[in-house]
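Enquirer: Sequence first, predicted coordinates after that:
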Amino acid sequence: MNSRSITTDRLLEAVPDDPTPLAVSTASKTKLGVIHLRFTKADGVPDVECTRITVTLPVGDTDTDLTSNPGNIDYKHSSSGRNWSINPSGDRATYVCTPSGPGGKFVFTDTAHFTLILNAIPVGRLPGEASLALTASATTSTMTNQPDEEDWTVPITKAVDDFFFFRAFSCEQPQIPNNGTATLRWEGSEHETEYWLSYDGRDPQQVTGQSAQIAGITDTTTFVLDARTPNPDTKEFDQHHYLSTTVTVKEPTIVAKELTAKRINVPQTLTADSSNKTTTLHGRTTFEEDVTVMAQLIVNGTITNEAGTVQIEAGSGNITSSGIVQGGSLKAGTTYGIANNGAITGSGLNAGTGNITTDGIVQGGSLKAGTTYGIANNGAITGSSLNAGSGNITTSGTVSDNGEILRFGTMVVIRNQYHSDEGLNEDNATKAYVSLKKITNGNARWRWYLERPQ
């Protein structure tokens, strides 16, 4: 410990066994020291009888104090003769050592010794020299007028541990919850050493001590710690020493530029929000619950429901198409109609209790109006067969046909005209319930015709 014992004109002398200086503690790490204080008789004196040795440590925070916290110091002893009893004070700053056995004396011969061992001393943070205060009750048989008590000091050197080391960088918990806090710890020199921490692409930030806490971690993160030491030539802290550690996150929030996976399971909500609001899914995509589309649903291919019915509920909105809506059966529902500026085609069209309206032509091989509603049209109704059922066929134009046009029981007025050489003579009209299929007469001078219904 670069120490010397002050034993001038003393019967006993005390020398620390280990000459290495005690390393001072730092702000983040307490350094523990050990002192082996060996007592022997001084050279050139006869055997010394000793009844008590007292050792007192300087306690405080100055450079001349050994420690500021002696309460946890361990102690023991070794001796070449009989055992000793060690009695520390309440704060363990003073240790009273007395020989055991008959007479309570220990004789220091040329080969005899007593060693007090103090372990786990929390060394103070300031370098310097701390003096241990020693008192011994000793005497010899050949000396007279020699005081029984001897007082002297032994200096103990404290120094900065300037040996560089950097190790044991780790996270206190290898896995933390989402948005949790990662506590990082490491061991390393503090003398002329700077520590810079970086993670997730952030610029390095200087940290002090030998621990750091990082809050708000949402994904698996690798932390990099850079221990910087000065350049011997420039004295700049440009010598880099790196260690890294990784912490995982339970149920993390993953942010990725590109993600490739054979299968992704999302038990709750999948939100795809990119800068251009575009999400592309290649291949087969299965949704086992409801899918909500807040804007447009654009399908370039086919929407197929393999389970059976596909139901599109427009709510209070509209279902519109700029192309063709087609299928074996297209049902508009009981409330809303189908409005389309293009064509509605299919083998069957059922409006339910609603209406089918068009500004164009309704055509087909068979057109049935149903039992309740007629067909109203300001245009033309054409077809090889027209069946109104129990409804009406109305028109502001002409209804013509070469076959049967009236049913039996229709009240009509018929007239006849006689064509003579002098001109066309008209007979009186008559009315009756008739079944008018075809009007013929052998006399070419007579012409029968329908005037009006009654």
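Expert: That came through, no problem. From a predicted model like this one, the values you see are computed outputs, not experimental measurements. Numbering: from 1, shown residues only.
Enquirer: Please make it C-alpha for all contacts and neighbour counts, starting now.
Expert: Noted.
Enquirer: what residues are up against Lys105?
Expert: Counting by C-alpha atoms under 8 Å, 6 or more residues apart in numbering, Lys105 touches Glu49, Cys50, Thr51, Pro99.
Enquirer: can we see that at 6 Å?
Expert: Cys50, Thr51, Pro99 (C-alpha atoms under 6 Å, 6 or more residues apart in numbering).
Enquirer: What of Gly90?
Expert: For Gly90, the contact set (C-alpha under 6 Å, 6+ apart) is empty.
Enquirer: Kindly report the same for Lys250.
Expert: The neighbourhood of Lys250, defined by C-alpha under 6 Å, 6+ apart, consists of Pro177, Asn178.
Enquirer: Mind doing that once more with 7 Å?
Expert: Gln175, Ile176, Pro177, Asn178 (C-alpha atoms under 7 Å, 6 or more residues apart in numbering).
Enquirer: The first one is in contact with Pro252, isn't it?
Expert: No: applying C-alpha atoms under 7 Å, one finds Gln175 not in contact with Pro252, separated by 10.7 Å.
Enquirer: Reformat the contacts of Lys250 into a markdown table and put secondary structure next to each item.
Expert: Below are the contacts of Lys250 laid out as a markdown table (DSSP: H, G, I helix; E, B strand; the rest coil):
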| residue | secondary structure |
| --- | --- |
| Gln175 | strand |
| Ile176 | strand |
| Pro177 | strand |
| Asn178 | coil |
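Enquirer: about what we covered before: which one of the contacts of Lys105 is nearest Leu11?
Expert: Cys50 (9.7 Å; C-alpha to C-alpha).
Enquirer: Now the closest residue in space to that closest one that isn't next to it in sequence: which helix or strand?
Expert: What sits nearest to Cys50 in space, not counting adjacent residues and going by C-alpha to C-alpha, 6 or more residues apart in numbering, is Ala138, at 4.3 Å. Assigned by DSSP states H and E, Ala138 falls within strand 128-139.
Enquirer: Need the contact partners of that strand.
Expert: Residues from elsewhere that reach strand 128-139, judged by C-alpha under 7 Å, 6+ apart: 48-58, 63-66, 146, 148-159.
Enquirer: Buried among the residues you listed? Need that as a selection in ChimeraX.
Expert: Typed into ChimeraX, the line below selects the buried ones among the contacts of strand 128-139, using 16 or more other C-alpha atoms under 10 Å:
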select :48,49,50,51,52,53,54,55,56,57,58,63,64,65,66,150,152,153,154,155,156,157,158,159
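Enquirer: Filter the contacts of strand 128-139 down to the ones in helices?
Expert: Within the contacts of strand 128-139, no residue falls in helices by DSSP state H.
Enquirer: which residues does Val123 bridge with?
Expert: Judged by DSSP bridges, the bridge partners of Val123 are Thr67.
Enquirer: That one is in contact with Ile35, isn't it?
Expert: No: Val123 is beyond contact range of Ile35, at 11.1 Å (criterion: C-alpha under 7 Å).
Enquirer: Tell me which of the two has more neighbours.
Expert: Val123 (26 against 21; other C-alpha atoms under 10 Å).
Enquirer: Where does pLDDT dip in this protein?
Expert: Counting by pLDDT under 70, the chain has low-confidence residues at 1-8, 19, 143-147, 270-278, 282, 305-319, 321-454.
Enquirer: what's the domain layout of it?
Expert: Using automatic domain parsing, the domain parsing of the chain gives 12-159, 166-250, 410-453.
Enquirer: can you pull the contacts of Arg82?
Expert: Arg82 neighbours (C-alpha under 7 Å, 6+ apart): Ser100.
Enquirer: That one and Phe39: what is the separation?
Expert: Going from Arg82 to Phe39 by C-alpha to C-alpha, to the nearest Å gives 14 Å.
Enquirer: which neighbours does the strand holding Ala138 have in its sheet, and in what orientation?
Expert: Partner strands and pairing direction for strand 128-139 (DSSP bridges) are strand 48-56 (antiparallel), strand 149-159 (antiparallel).
Enquirer: how about TSV for the ones you listed, with distance to Ser25 added?
Expert: What follows is the strands paired with strand 128-139, written out as TSV (distance: least, C-alpha to C-alpha, whole Å):
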stretch	distance to Ser25
strand 48-56	21
strand 149-159	9
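Enquirer: out of those, which comes closest to Arg228?
Expert: strand 149-159 (21.8 Å).
Enquirer: following the closest one, which helix or strand shows up next?
Expert: Strand 149-159 is succeeded, C-terminally, by strand 166-171 (DSSP H and E).
Enquirer: same for that following strand, what does it pack against?
Expert: Here strand 166-171 is seen to pack against strand 180-188, strand 239-250 when contacts are counted using 3 or more C-alpha pairs under 7 Å, 6 or more residues apart in numbering; DSSP states H and E.
Enquirer: Let me know the next secondary structure element after the shortest one.
Expert: Next along the chain after strand 180-188, taking DSSP H and E as the criterion, comes strand 194-199.
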